[in-house]
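>>> need coordinates for the below:
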Amino acid sequence: MIHYQLPTSADLLALGTPRADALSIYLPTEPTPAGRDVAFTTAKSAVDQAIRTLRTSSRTHAEQEALRDQWNVIADDSELWGNLGSSLVIFLAPGFADEYVLPNNFEPRNHFGDRFDLGPLVRAVTTPQRAYALTLSSSGWNLWQATESSRAEEFELVGEHAEDAADATNRMSIRGRKLLRRLGGDEGQKVLLDRYAQVVAGAVRDELALADPAGEVPLFVFANEPLASMIVAHGLPGEVVVVRGAADELRPDQIDTAIRDRIQDITRRRLSQDADRIGDGFADGLAAMDVAQVARAAAVAAVGTLYYDLSGSVRGHLDTETGAIRFDPEGEDLLAAIALLVLANGGEVHAVRPDEIDAGIWNGQLLAALRRPLA
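Numbers count the residues shown, from 1 in each chain. The predicted structure follows:
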C-alpha cells in the first residue's frame, strides 16, 4: 500500500513488531524519468543484496522467493514509480510490503534483519517540522504552511483581507505620479508601503491566531526591503525568520526548500533548551540517562519525553512487559525499541543525532524526562 503521509505513532508501533527477513530501504528520489530509473535500480539492488544474504545463510529457495515476490509487486506498481517525491521508503518481508512516498529528505539507508529500521521515520514523525510562511511584495501577499508530512502549500484564509498595497491603501497604484506628488515622492511611497505592511501584519496575526494561538510555530517571511523590515516592525506571531529576496516568482517547492533548510536550526535550539530543562529534574529523580533505568521507566509508562541517538549502536533485547534488557551485539537496536515503547505508552520521542543537542546534560546517547520518580 502506498502512503503519501508520514506514519502515525500507531503505524510505527505496528511496523515495529518483529518480522523474519525484514528489509528496510530509504532512498532520496526525484520525480523525473531519470530520477525514477535511479530509484528503481537502487531499490532493486538492495533487494538483490538481501536475497544474496539469505542464500549465503543457506536459506531455502522458497524463503528467498518470498522476499522477491513482495519486491515484484512493488516493482510492477506504476502508480508508485510515477508519483515519487523527495524520498521513498520501502518495507519488505515475506507476505508484507509497505511504501511511503514523502517530501522529507532521507539519506540512503538499508537494513536487513528481524525488524524494520524505523529510526529515520521516527525522527521525521517526532521532530518538529511545521512552519508558516508569508510571501510579500507590493503586488500581493500569501500565507503558506508546511508540515512534517507535506510540502509548503497555500494556507486557507478565513477572513477577507487586502490583496496588495494598492488595495490596502485604497489607491489605484502606489507608484502613480499624482500619488507621489501628493505624498512627497519616495517618502510618500514609503508611507504607503508601511501602511500596507501594517495591514498585512494584522491579517497574518488574525489568521494564525486561529491556527496557532500559542504562537509556537515559526513564521518565515519572504520579502525584499523595505517591506521585510516594515512588516516585522508591526509585529508578527511566533518566531519570525526573514528570507530576503523577491517573493513574487517563488514556487511552492522553493518556499518549502527554504523553510526546511532553516527550520533545523530552530528545532535544534528548541530541543537543546528543552533538554536543559529536563536536566534540571535530576535532583528530584525526574530525569534519567542510563539505558536500563530508562527501559524500566518506559515499560511502566513513566517516560514523558525521550531523546535518543538515531545513529546509536546499542544492541540487545528488551522485555516490553518489565523493561528488562539484555545486551547482545547481534540483537535489535535497543534505543529504537525503547523509543517505540515510550510512544506506545503515550510519551514523546525525539530521535536526534548526537551533535544536534547543545545541552550540558546531554550524553550523546539517551535522555529521559520522567513523569514520576522510579521506586
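>>> residue 257: which element?
Assigned by DSSP states H and E, residue 257 belongs to helix 252-279.
>>> cool, and residue 351?
strand 348-352.
>>> if you count contacts, what does that strand end up packed against?
Under the contact criterion of 3 or more Cβ pairs under 8 Å, 6 or more residues apart in numbering; DSSP states H and E, strand 348-352 touches helix 119-126, strand 303-309, helix 334-344. For every residue, glycine as well, the C-beta is placed using N, CA and C.
>>> export these to TSV and tack on mean neighbour count?
Shown next, in TSV, are those (neighbours: other Cβ atoms under 10 Å):
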stretch	mean neighbour count
helix 119-126	22
strand 303-309	24
helix 334-344	25
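>>> any chance of those in JSON lines, with mean pLDDT and distance to residue 148 too?
Output for the helices and strands packed on strand 348-352, formatted as JSON lines (pLDDT from 0 to 100; distance: least, Cβ to Cβ, whole Å):
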{"stretch": "helix 119-126", "mean pLDDT": "83", "distance to residue 148": "6"}
{"stretch": "strand 303-309", "mean pLDDT": "95", "distance to residue 148": "17"}
{"stretch": "helix 334-344", "mean pLDDT": "91", "distance to residue 148": "15"}
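>>> the ones you listed: which one's closest to residue 37?
Closest to residue 37 of the helices and strands packed on strand 348-352 is helix 119-126 (Cβ to Cβ; 23.3 Å).
>>> by contact count, what packs against that closest one?
Helix 119-126 packs on helix 9-15, helix 334-344, strand 348-352, going by 3+ Cβ pairs under 8 Å, 6+ apart.
>>> who does the shortest one pair up with?
Partner strands and pairing direction for strand 348-352 (DSSP bridges) are strand 303-309 (parallel).
>>> rewinding a little: who touches the strand holding residue 351?
By Cβ atoms under 8 Å, 6 or more residues apart in numbering, the residues outside strand 348-352 that reach it are 119-120, 122-123, 126-127, 271, 304-310, 336, 339, 342-343.
>>> so for stretch 244-262, mean pLDDT?
In this model, stretch 244-262 has a mean pLDDT of 90.
>>> just the C-alphas of that stretch, formatted as PDB.
This file holds the C-alpha atoms of stretch 244-262, laid out as PDB (Å, rounded to 0.1, in the frame of the first residue of the first chain):
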ATOM      1  CA  ARG A 244      15.200  38.300   1.800                       C
ATOM      2  CA  GLY A 245      14.600  38.300  -1.900                       C
ATOM      3  CA  ALA A 246      11.800  38.700  -4.500                       C
ATOM      4  CA  ALA A 247       8.800  36.800  -3.400                       C
ATOM      5  CA  ASP A 248       6.500  37.200  -6.500                       C
ATOM      6  CA  GLU A 249       8.000  34.300  -8.500                       C
ATOM      7  CA  LEU A 250       8.700  31.800  -5.800                       C
ATOM      8  CA  ARG A 251       7.300  28.400  -6.500                       C
ATOM      9  CA  PRO A 252       5.900  26.200  -3.600                       C
ATOM     10  CA  ASP A 253       8.800  23.800  -3.800                       C
ATOM     11  CA  GLN A 254      11.300  26.700  -3.500                       C
ATOM     12  CA  ILE A 255       9.400  28.000  -0.400                       C
ATOM     13  CA  ASP A 256       9.400  24.500   1.100                       C
ATOM     14  CA  THR A 257      13.200  24.000   0.500                       C
ATOM     15  CA  ALA A 258      14.000  27.400   2.100                       C
ATOM     16  CA  ILE A 259      11.900  26.500   5.100                       C
ATOM     17  CA  ARG A 260      13.400  23.100   5.600                       C
ATOM     18  CA  ASP A 261      17.000  24.400   5.100                       C
ATOM     19  CA  ARG A 262      16.400  26.800   8.000                       C
END
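>>> which parts of that stretch are buried?
For stretch 244-262, burial by neighbour count (16 or more other Cβ atoms under 10 Å) applies to 247, 250, 255-256, 258-260.
>>> and that stretch, how far out from the chain's middle?
Taking Cα atoms, centre = their mean, to the nearest Å, the mean C-alpha location of stretch 244-262 is offset from the chain mean by 17 Å.
>>> next one: residue 92 from residue 224, what distance?
Look at residue 92 and residue 224: by Cβ to Cβ, to the nearest Å, they are 49 Å apart.
>>> oh sorry, the question was meant for residue 76
49 Å.
>>> helices of the stretch 101-250 of the chain, start to end?
Ranges of helices in the stretch 101-250 of the chain, per DSSP state H, counting those that start in this stretch, are 119-126, 165-168, 177-183, 185-211, 227-233.
>>> and the fourth one, what does it pack onto?
With contacts taken as 3+ Cβ pairs under 8 Å, 6+ apart, helix 185-211 sits against strand 131-137, strand 140-146, helix 165-168, helix 177-183, helix 227-233.
>>> not counting its neighbours along the chain, what's nearest residue 53?
residue 112 (6.0 Å; Cβ to Cβ, 6 or more residues apart in numbering).
>>> returning to what we had before: okay, residue 92 and residue 224: which has more neighbours?
Neighbour totals were compared for residue 92 and residue 224, and residue 92 leads with 29 against 14 (other Cβ atoms under 10 Å).
>>> so that one bridges to which residues?
Beta-bridge pairing of residue 92 under DSSP bridges involves residue 23, residue 97.
>>> I figured it hits residue 72, correct?
No: using Cβ atoms under 8 Å, residue 92 makes no contact with residue 72, being 10.4 Å away.
>>> where does the stretch 1-150 of the chain have low pLDDT?
149 (pLDDT under 70).
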